[in-house]
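> Return atomic coordinates for the entry below.
(one chain, ligands or ions: 2)
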Amino acid sequence: MSERSILITGGAGFIGSHVVRRFVTKYPQYRIVNLDALTYAGNLENLRDIEDAPNYSFVKADICDAEAVAKVFKENAIDGVIHLAAESHVDRSITDPLSFVRTNVFGTVTLLNAAKDAWKDRMGSAPLPGRGGGGEVRFYHVSTDEVYGSLHDDSLFLETTPYDPQSPYSASKASSDHFVRAYGNTYKLPFVLSNCSNNYGSHHFPEKLIPLMINNIRNNKPLPVYGKGENVRDWLWVEDHAAAIDVIFHTGKNGETYNIGGHNEWKNIDLVHLLCSIMDKKLGRIEGESAKLITYVTDRAGHDLRYAIDASKIERELGWKPSITFEVGLERTVDWYLANTEWLDHVTSGAYQEYYTDHYAQR
Ligand code: NAD
Ligand code: TYD
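Ligands and ions are numbered 1, 2, ... in the order given. As a prediction, the model looks like this:
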């Protein structure tokens, strides 16, 4: 495999840190530049194990800062981008939509401009052998299944499902997806795009359902279930998402979109019960003790009922499928949090306490 210089944005976050780790360790011939603004969700502790690798470097910068982004492209001769940096939490998008427009829309377009300018003589060129038809440069945009909206029957999201975003978060991600395709059409920027379902695994910030519940069970705090707990999410182990990103980046077809999912739908309340039961065993509690912490709270505004992905295209065309079952993945995840309580305590200190108190006091 040839040398490449790849910019990964948002690499200090949850999914980004798994993608950075995978690329740094699996492809020693690549230079991996991680650009991240280190917001509340970004944490260099997530990458301690690989930070000294000779093919890895970190740049603290905001994707909205055109000058800083252009400098990174130039100084590192970037020829591939895997773009994950984003504001990612639906609840925060409800209280502060403009931050989502700024990073997810303005930031993505700033990055697209930098790629377009840096690659102006290399776009639209013939695909190189072994690169899946992606050309010699490639912009990979990582997106979410939430752009498709909310399912109210038993159908699944396909790549052809019309966009129908329902939250400020998903509206901002949908907008960024449209910009990526528009740059492909207008400027011939070589791109690939993927829309993935809910991820879970290590290093997940405990504002999201699974790590929040694990942390609260551990601390004997109430487990806030929104509404009746009947909303359904399709959960995928984060390392399987990183593997899918690897496959798409290398062999996905130029201009194509791939849906990624776990074939693994769970009602929130059933998932919380499962977590309680796993943690009762791990913590030596009597079965049923943690479930007593479950507290139904006011529903999220405009709460999407169900997400579920049809991931047959990526399986059929690129040979990717999830590698482990939910039972195995969830057990590994709980074990990681229990072995890394320092990480949990660190990321939930300071500003998190304020967020948590304000957010849940209103429910
Ligand atoms: P995250 O919130 O854990 O991490 C986001 C990272 O982006 C953080 O490191 C943060 O510091 C960085 N960042 C935020 N704003 C920035 C800015 N302006 N400039 C530079 N860096 C900035 O998010 P995540 O859950 O790891 O999600 C990563 C990507 O994957 C996002 O684009 C998200 O939309 C997408 N996605 C997430 C899921 C999921 O279940 N978490 C599912 C599908 C798609
Ligand atoms: P979340 O992890 O925020 O992901 P998303 O909203 O992007 O799917 O939430 C997953 C589901 O869990 C969603 O239906 C909202 C619900 N939820 C709760 O019931 N309680 C909570 O404290 C949180 C954070 C989420």
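
> Ramachandran coordinates for the residue lying farthest from the centre of the chain?
When distances are taken from the C-alpha mean of the chain, Ile286 lies farthest, 34.8 Å away, according to Cα atoms, centre = their mean. With angles defined as degrees, to the nearest 10, Ile286 sits at phi -70, psi 140.

> Might one say that it is in contact with Ser277?
No - contact between Ile286 and Ser277 fails when scored by Cβ atoms under 8 Å: they sit 11.2 Å apart. (Each C-beta comes from the backbone N, C-alpha and C, glycine too.)

> ok, and Val19, which helix or strand is that part of?
Assigned by DSSP states H and E, Val19 falls within helix 14-26.

> After that helix, which helix or strand is next?
Note on helix 14-26: by DSSP H and E, the next helix or strand toward the C-terminus is strand 30-36.

> any weak-confidence spans in the stretch 101-250 of the chain?
Scanning the stretch 101-250 of the chain for pLDDT under 70 picks out 124-135.

> let's see it at 50
Counting by pLDDT under 50, the stretch 101-250 of the chain shows low-confidence ranges at 126-134.

> Alongside ligand 1, which residues does it contribute?
Of all the residues in the stretch 101-250 of the chain, those in contact range of ligand 1 (Cβ under 6 Å from any ligand atom) are Thr103, Gly107, Val142, Ser143, Thr144, Lys173, Cys196, Asn198, Asn199, Phe205.

> Now do the buried residues in the lengthiest helix in the chain.
Identified as the longest helix of the chain according to DSSP state H is helix 168-187. For helix 168-187, the neighbour count (16 or more other Cβ atoms under 10 Å) marks 168-177, 179-180, 183-184, 187 as buried.

> Near ligand 2, which residues of this structure are found?
Contact residues (Cβ under 6 Å from any ligand atom) of the chain with ligand 2: Val90, Asn198, Lys208, Leu209, Leu212, Pro224, Val225, Tyr226, Asn231, Arg233, Asn268, Arg300.

> Neighbour count says what about the residues you listed? Which are buried?
Val90, Asn198, Lys208, Leu209, Leu212, Pro224, Val225, Tyr226, Asn231, Arg233, Asn268.

> quick one: contacts for the first one?
So the one you mean is Val90. Glu146, Ser167, Tyr169, Ser170, Arg300 (Cβ atoms under 8 Å, 6 or more residues apart in numbering).

> Do a quick rundown of the helices in the protein.
Along the chain, counting by DSSP H, helices occupy 14-26, 66-76, 90-95, 97-100, 108-118, 168-187, 209-218, 238-251, 268-282, 312-318, 326-339, 341-347, 351-361.

> relative orientation of the fifth one and helix 168-187 in degrees?
Looking back up the chat, that one is helix 108-118. Angle of helix 108-118 versus helix 168-187, following axes from the mean of the first three to the mean of the last three Cα atoms, to 10 degrees, is 20 degrees.

> tell me what helix 108-118 is packed against?
Helix 108-118 sits against helix 66-76, strand 80-83, strand 138-144, helix 168-187, with contacts defined as 3 or more Cβ pairs under 8 Å, 6 or more residues apart in numbering; DSSP states H and E.

> Can you lay out these as a markdown table showing distance to Gly255?
As requested, these are exported to a markdown table (distance: least, Cβ to Cβ, whole Å):
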| stretch | distance to Gly255 |
| --- | --- |
| helix 66-76 | 22 |
| strand 80-83 | 15 |
| strand 138-144 | 11 |
| helix 168-187 | 5 |
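
> Does anything pack onto the helix holding Val19? Which helices or strands?
By 3+ Cβ pairs under 8 Å, 6+ apart, helix 14-26 packs against strand 4-9, strand 30-36, helix 238-251.

> Can you spell out which helices and strands pack onto the second one?
With contacts defined as 3+ Cβ pairs under 8 Å, 6+ apart, strand 30-36 has these neighbours: strand 4-9, helix 14-26, strand 56-60, helix 66-76.

> Kindly recompute the last result at 10 Å.
Packed against strand 30-36 by the contact rule (3 or more Cβ pairs under 10 Å, 6 or more residues apart in numbering; DSSP states H and E) you find strand 4-9, helix 14-26, strand 56-60, helix 66-76, strand 80-83.

> Tell me which of these approaches Asn219 most closely.
Nearest of the helices and strands packed on strand 30-36 to Asn219, taken as Cβ to Cβ: helix 14-26 at 20.5 Å.

> circling back: so which of the helices and strands packed on strand 30-36 comes closest to Ala291?
The closest of those to Ala291 is helix 14-26. By Cβ to Cβ, the value is 26.2 Å.

> Do the closest one and ligand 1 come into contact?
Yes - with Cβ under 6 Å from any ligand atom as the criterion, ligand 1 is reached by helix 14-26 at Phe14, Ile15, Gly16.

> from memory the last one sits against Leu38, does it?
No - taking contact to mean Cβ atoms under 10 Å, the distance of 11.5 Å between Gly16 and Leu38 leaves them out of contact.

> re earlier: can the helices of the chain go into CSV with extra columns for distance to Tyr56?
CSV is the format used below for the helices of the chain (distance: least, Cβ to Cβ, whole Å):
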stretch, distance to Tyr56
helix 14-26, 5
helix 66-76, 12
helix 90-95, 29
helix 97-100, 28
helix 108-118, 20
helix 168-187, 26
helix 209-218, 25
helix 238-251, 15
helix 268-282, 33
helix 312-318, 26
helix 326-339, 22
helix 341-347, 20
helix 351-361, 27
